[in-house]
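A.B. asks: got a sequence here, can you model it:
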Amino acid sequence: MSFLTVDQNRCKRDHICVAECPIKLIRFKEPDSFPGSVKGAEQYCISCGHCVAVCPTNALTVSTVNSTEFLPFNPDLLPKPDQIEHFLKSRRSIRSFKDKKVDRLTLEKLIDISSYAPSGHNVQPVHWMVIQDKNQVHRIAELVVDWMHYAIDNMPELAAAMFMKAICSAWNHGSDRICRDAPHLIIAHAPASNSFSQGSCTLALSYLELAAHSMELGACWAGYVEIAAASFPPLMQELALPESHMVYGAMMIGYPKYRYHKIPSRTVPRILWR
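C.D. replies: Numbers count the residues shown, from 1 in each chain. From the prediction side, this is the model:
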C-alpha cells in the first residue's frame, strides 16, 4: 500500500492538503496533476491526520492513520464566543469535594477528551494513572507529608517557601491540604527522556480540568504530589511508574461540595504590544 492514496474522482486539486501538511510531505509534481508524496514521506509523517481531516471532498487516505476512526466535525456543537468566555472565566479550582465517587466511565471519558490535547510533533507521550480508591489517595497524601517533614529538616528554604510546616500541622489535626480529601487522583506521566513530555502532560491535564468543569465535576492541580513524586523515593516506589517515567502533573477529581455564584476579577492583563 502506498503512503498516499488519492480518489481522483473526488479530488478537486485545490492544494489544501499541501498547504496544511505540517511536515510538507505532499506536493503536486505538475500543476494539473493530482497530489503525491515526497520521497520517504512515510518515514517522516507524524500521523497527525491533518491532510485527511482538512480535505473537503474526502479524497485522501494515508497509510499512517486509520481514517475510518476519524470523528465527524459538527459545527453546530461549537459554543459561541460569549459561551466560551463565560465557561473559561467560571472555572474554579475545587478544593472541597463531596464524599461521592465518580464512575469509571466518566473518568475514562475525561481522559479520552484529554488525549486530544496538542503535543509537540504529535508524539503523544502522555500516560495516565487513575487512583480510584480514596484510601489510596489518602496514602499518597500521607507520603507527601513525609516528604515535607524531610524537607523541613533538610531543605528549610524550600519548606518555608511552600508553607510546609503549616501543611504538616494541619495534617496532624486531621486536615488534608495535599489532596483535599478528593475521591480520585489522576496522574499524568511520561518518559523523562522525551523533550515534549512536560508540555504534553501539562496541556493534557489542562484539557482534563476544563472537561471536568463541563461535566459539573471539580478539579484542582495537586502540585505537592507532582513535586514530591519527582524526588521522594517512598512516593516513587508507591506509584511504581514504568522505568524512566516521571510524574509531570496530578489532578484531584470529584464532585464539588459547594457551587460558586460569582466570577472573581483577575489582575488586568500585562501586555507588551510590538
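
A.B. asks: could I get the full set of helices for the protein?
C.D. replies: With DSSP state H as the criterion, the chain has helices at 16-20, 41-44, 50-54, 81-90, 104-114, 134-154, 156-161, 164-172, 197-214, 223-229, 233-239.

A.B. asks: quick one: list the elements packing against the fourth one.
C.D. replies: Under the contact criterion of 3 or more C-beta pairs under 8 Å, 6 or more residues apart in numbering; DSSP states H and E, the helices and strands touching helix 81-90 comprise helix 197-214. For every residue, glycine as well, the C-beta is placed using N, CA and C.

A.B. asks: where does the stretch 51-200 of the chain have low pLDDT?
C.D. replies: For the stretch 51-200 of the chain, applying pLDDT under 70 flags no range at all.

A.B. asks: ok, Asp112 to Ser206 distance?
C.D. replies: Distance, Asp112 to Ser206, by C-beta to C-beta, to the nearest Å: 15 Å.

A.B. asks: neighbour count: these two, which is higher?
C.D. replies: Ser206 (15 against 10; other C-beta atoms under 10 Å).

A.B. asks: select, out of the helices of the chain, the one closest to Met252.
C.D. replies: Each of the helices of the chain has some distance to Met252 by C-beta to C-beta; the shortest is helix 134-154, at 8.0 Å.

A.B. asks: report the distance from the closest one to the chain centre.
C.D. replies: Chain-centre distance of helix 134-154: 25 Å, with C-alpha atoms, centre = their mean, to the nearest Å.

A.B. asks: centroid-nearest residue for this structure?
C.D. replies: Ala204 (0.8 Å; C-alpha atoms, centre = their mean).

A.B. asks: my read is that it contacts Ile186, right?
C.D. replies: No: between Ala204 and Ile186 there is no contact under C-beta atoms under 8 Å: 10.0 Å.

A.B. asks: how much space between the residue nearest to the centre of the chain and Leu78?
C.D. replies: 21 Å.

A.B. asks: same question, His138
C.D. replies: 40 Å.

A.B. asks: who's more crowded, those two?
C.D. replies: His138 (17 against 10).

A.B. asks: contact partners for that one?
C.D. replies: Contacts here follow C-beta atoms under 8 Å, 6 or more residues apart in numbering; on that basis His138 touches 176, 179, 181.

A.B. asks: quick one: buried ones out of these?
C.D. replies: Neighbour-count burial within these applies to 176, 179, 181; the criterion is 16 or more other C-beta atoms under 10 Å.

A.B. asks: now flag whichever of these is closest to Val268.
C.D. replies: Cys179 (33.3 Å).

A.B. asks: surely the closest one touches Glu142?
C.D. replies: No: applying C-beta under 8 Å, one finds Cys179 not in contact with Glu142, separated by 9.5 Å.

A.B. asks: for Met1, report the pLDDT, please.
C.D. replies: For Met1, the model assigns a pLDDT of 62.

A.B. asks: including distance to Lys12, could the buried ones among the contacts of His138 go into CSV?
C.D. replies: Formatted as CSV, the buried ones among the contacts of His138 follow (distance: C-beta to C-beta, whole Å):
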residue, distance to Lys12
Asp176, 60
Cys179, 55
Asp181, 58
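
A.B. asks: what's the closest of the residues you listed to Cys45?
C.D. replies: Cys179 (41.3 Å).

A.B. asks: please identify the nearest residue in space to that closest one, excluding sequence neighbours.
C.D. replies: Ala141 (4.3 Å; C-beta to C-beta, 6 or more residues apart in numbering).
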